[in-house]
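Peer 1: show me the folded form of this:
(2 chains)
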Amino acid sequence: AFFWLVSLLLSSLIWFIAVKASNPQDEPLQKGLLIFGVMFSVLLQEAFRFLYYKLLRKAIEGLVALSEDGCSPISIQQMAYVAGVGFGLMSGAFSMINLLADALGPGIVGIHGDSQLYFLTSAFMTMVLIFLHTFWGILFFHGCEHRRWWEIMAVVIMHLAVSGSTFCNPLYVGSLVPSYLLMAAAAAWAYLLSGGSAQNLWRFLLCKS
Amino acid sequence: MITFMNNSDSEEEPCNERTSLMSAESPSVPSYQDGLQASEAGEVQAHRKRRTGSSRSPNNIADGEMSESGVPVRESTLENEEEELTLKYGAKHVIMLFVPVTLCMIVVVATIKSVRFYTEKNGQLIYTPFSEDTPSVGQRLLNSVLNTIIMISVIVVMTVFLVLLYKYRCYKFIHGWLILSSLMLLFLFTYIYLGEVLKTYNVAMDYPTLFLVIWNFGAVGMICIHWKGPLQLQQAYLIMISALMALVFIKYLPEWSAWVILGAISIYDLMAVLCPKGPLRMLVETAQERNEPIFPALIYSSAMMWTVGMAKPDTAARGPSQQTWDAAEDGRENHRSPSHGDSQMSETRSPVPTRPITSLEELEEEERGVKLGLGDFIFYSVLVGKAAATASGDWNTTLACFVAILIGLCLTLLLLAVFKKALPALPISITFGLVFYFSTDNLVRPFMDTLASHQLYI
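Peer 2: Numbers count the residues shown, from 1 in each chain, chains lettered A, B, ... in the order given. The predicted structure follows:
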């Protein structure tokens, strides 16, 4: 969570500087700067995920060295999951919390002609992003562990795609549907990477031992 | 200060500094009013100690184990085990400290957001005499710096006074002081707080009920903090009084002064705990020499109650050590409760020679804990509360400061595990908190607002 926060800080710093240095009246330029800010932020988030991976790697080595039987009490997969959840929660919290605070107060959604489904779609989008961050965490760490760069690139591209799709808002079908599809794909991929299989799933669903 | 509570420490090795356990000193909070000065001074001292947040590292724990085994062969294995235990318990300690710090912050933020009283400006403390209602920015800055200087010097004076009192064994005075200040906190501030909360929610309460409630709350609090009581209840009371103190600070410190004071306090904390002649360090060392825990009203201790005595009737040599051990046990329990336990303990401890080796198993039965000074709680909550009160980005800033402070606490505990001596808990967390507050408020907020208005997600 902290790492995500730092990446957010740095990316907003960049964006802020860019905005201050540019003409505030120029609408397309502002929009362009915003797009640039978003993409840059996504890249920074992934970079910080990588840094976090490096930090956790060192921590695991320390733990292994100190433990009695040569294996660390927490595996890298668990750490990947936790890292993903941390990123997701922080990102979700920052996206939603002001919205929720405003939702407590009086008002009518979309009275000025914006979409009436603002709160609903924000909630769904936040949820899908939190899940996605969790899955991306697992995929990313797995890719780093096994030196499969294409997995890492896939995560980055997925993130860029999801963020980019939100530019279609308020045309919600353009952002929510692809994001949910991507989430399903990422979920299946992460599940397979974590050692699951169709058989396991089937056994679990049928409550077999 | 953060210290590890090593149950066995104080009892076992009187002169081994490693074994000394450190209670976190809590920096006392300066009283707002003159009349309260005495109690506050005590509190201040406590707070100062707390502020320094020295962490006693697990060394004490380790030391306890080590000092016991006299055998070199056992030493190396003990060292490894110490380190492992240190790390294993390290994570538990972090969680044990996260929960109370989080609770305190939640209470403060919830109160700030709902009760209007604590965000209204109704005057200032006498410790910050310069007003900030000046026309120019430079003047305002100057006034806040002057306010900070006055406040910090008040704190320094009171800390030094407390250390002197402690050195010259004026325990009665110190205890009287602490009792007065906790009396004030538990009764007066609770009364004001309850009054404001009732006003906000428009709930009527008659005076007899109010009297009953406050009397019970205060009396149980006094007993829990200064004498014996269930650990959880004592922890709850300490959290509540820290929150109350933080709320008072948030209300009565002017804007810029508050931020400058936070910064200056962390620098002071750093110096007071780490410099050889720093008052807090001297206090800690004196307490270690005398093998006494530091005043329970000033420190939050997270350890479990260890009620098993060292009743292993193995060796005859254990006889005397057993007495000291049990006395130490009492002393340890009294750590939360104060004074009379201390004096008893030191008396029983003095005639006993060095302890024989305590078996490792007995040590491992203890639950080690970490001690954090109450002043640290207070200043963390002041930072988060101020962020909640004054930031225009509202919840984002508050959340960012919260995460920053917790991460600072984590890092400090890590350093504690590495350095194994009392460490100040304020500097890292407050630095992170301040950096995140100002950057989130000014940089992240416009970015997030723009994103939210276009419903973009990053």
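
Peer 1: touching the host helix or strand of residue A:176 from outside, list them.
Peer 2: In this structure, residue A:176 sits in helix A:172-193 according to DSSP states H and E. Under the contact criterion C-beta atoms under 8 Å, 6 or more residues apart in numbering or on different chains, helix A:172-193 has outside partners A:115, A:117, A:121, A:124-125, A:128-129, A:131-132, A:134-136, A:138-139, A:142, A:158, A:161-162, A:165-169, A:201. No exception for glycine: its C-beta is placed from N, CA and C like everyone else's.

Peer 1: go again with 7 Å.
Peer 2: For helix A:172-193, the surrounding residues in contact (C-beta atoms under 7 Å, 6 or more residues apart in numbering or on different chains) are A:117, A:121, A:124-125, A:128, A:131-132, A:135-136, A:138-139, A:142, A:158, A:161-162, A:165-166, A:168-169.

Peer 1: can you flag the buried ones in these?
Peer 2: The neighbour-count criterion (16 or more other C-beta atoms under 10 Å in any protein chain shown) marks A:121, A:124-125, A:128, A:131-132, A:135-136, A:138-139, A:142, A:158, A:162, A:165-166, A:169 among the contacts of helix A:172-193 as buried.

Peer 1: and the residues you listed near chain B, which?
Peer 2: Checking these against chain B by C-beta under 7 Å from any C-beta of the partner chain, the ones in range are A:125, A:166, A:169.

Peer 1: the residues you listed in strands, which ones?
Peer 2: Among these, DSSP state E puts none in strands.

Peer 1: I'd like the next helix or strand past the helix or strand hosting residue B:164.
Peer 2: Counting by DSSP H and E, the element that carries residue B:164 is helix B:137-167. On the C-terminal side of helix B:137-167, the nearest following helix or strand under DSSP H and E is helix B:171-183.

Peer 1: between that next one and helix B:137-167, how many degrees?
Peer 2: Angle, helix B:171-183 to helix B:137-167, by axes from the mean of the first three to the mean of the last three C-alpha atoms, to 10 degrees: 140 degrees.

Peer 1: from the chain's centroid, how far away is the lowest-mean-pLDDT helix or strand in chain A?
Peer 2: For chain A, counting by mean pLDDT, DSSP states H and E, helix A:2-20 ranks last in confidence among helices and strands (a mean of 75). Remark: helix A:2-20 is offset 16 Å from the chain centroid, using C-alpha atoms, centre = their mean, to the nearest Å.

Peer 1: would you say residue B:372 is within a strand?
Peer 2: Yes - counting by DSSP: H, G, I helix; E, B strand; the rest coil, residue B:372 is part of a strand.

Peer 1: wait, isn't it in contact with residue B:423?
Peer 2: No - at 10.8 Å, residue B:372 and residue B:423 do not qualify as touching, with contact defined as C-beta atoms under 7 Å.

Peer 1: okay, those two: which has more neighbours?
Peer 2: Using other C-beta atoms under 10 Å in any protein chain shown as the criterion, residue B:372 and residue B:423 rank with residue B:372 on top: 33 against 29.

Peer 1: that one pairs with what?
Peer 2: residue B:2, residue B:300 (DSSP bridges).

Peer 1: about what we covered before: pull the residues that contact the least confident helix or strand of chain A.
Peer 2: Against helix A:2-20 from outside (C-beta under 7 Å, 6+ apart): A:33, A:37, A:40-41, A:44-45, A:48, A:51-52, A:87, A:90-91, A:94, B:400, B:403, B:407, B:439, B:443-444, B:446-447.

Peer 1: mind giving me the PyMOL command for buried ones among these?
Peer 2: Buried residues among these (16+ other C-beta under 10 Å), as a PyMOL selection:
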select buried, (chain A and resi 33+37+40+41+44+45+48+52+87+90+91+94) or (chain B and resi 400+403+407+439+443+444+446+447)
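
Peer 1: re earlier: pull out the buried positions in the helix holding residue A:176.
Peer 2: Under the neighbour-count criterion of 16+ other C-beta under 10 Å, helix A:172-193 has A:172, A:175-176, A:178-180, A:182-183, A:186, A:189-191, A:193 buried.

Peer 1: and the longest helix that chain A contains, which residues are buried?
Peer 2: Longest helix in chain A by number of residues (criterion: DSSP state H): helix A:27-66. In terms of neighbour count (16+ other C-beta under 10 Å), helix A:27-66 has its buried residues at A:30, A:33-34, A:37-42, A:44-46, A:48-50, A:52-53, A:56, A:60, A:63.

Peer 1: and the residue of the stretch 201-350 of chain B nearest chain A?
Peer 2: Here the residue of the stretch 201-350 of chain B nearest chain A is residue B:201; by C-beta to the nearest C-beta that distance is 15.6 Å.

Peer 1: that older thread, reformat the ones next to chain B among the buried ones among the contacts of helix A:172-193 as CSV; add pLDDT.
Peer 2: Compiled in CSV, these are given as follows (pLDDT from 0 to 100):
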residue, pLDDT
A:125, 87
A:166, 83
A:169, 72
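
Peer 1: for the residues you listed, which one is nearest residue A:77?
Peer 2: residue A:125 (27.3 Å; C-beta to C-beta).

Peer 1: skipping adjacent residues, who's closest to the closest one in space?
Peer 2: Distances taken as C-beta to C-beta, 6 or more residues apart in numbering or on different chains put residue B:457 closest to residue A:125, at 5.8 Å, once the chain neighbours are dropped.

Peer 1: try residue B:105
Peer 2: Nearest residue to residue B:105 in three dimensions, chain neighbours excluded: residue B:384, at 4.7 Å (C-beta to C-beta, 6+ apart).

Peer 1: got the contact list for residue A:42?
Peer 2: Applying C-beta under 7 Å, 6+ apart, we find residue A:42 in contact with A:159, A:160, A:163, B:458.

Peer 1: and with 6 Å instead?
Peer 2: Counting by C-beta atoms under 6 Å, 6 or more residues apart in numbering or on different chains, residue A:42 makes contact with A:159, A:160, A:163.

Peer 1: neighbours of residue B:438, how many?
Peer 2: Neighbour tally, residue B:438, other C-beta under 10 Å: 15.

Peer 1: surely it is in a helix?
Peer 2: Yes - under three-state DSSP, residue B:438 sits within a helix.

Peer 1: how near is it to residue B:207?
Peer 2: 45 Å (C-beta to C-beta, to the nearest Å).

Peer 1: next: residue B:216.
Peer 2: Counting by C-beta to C-beta, the gap from residue B:216 to residue B:207 is 15 Å.
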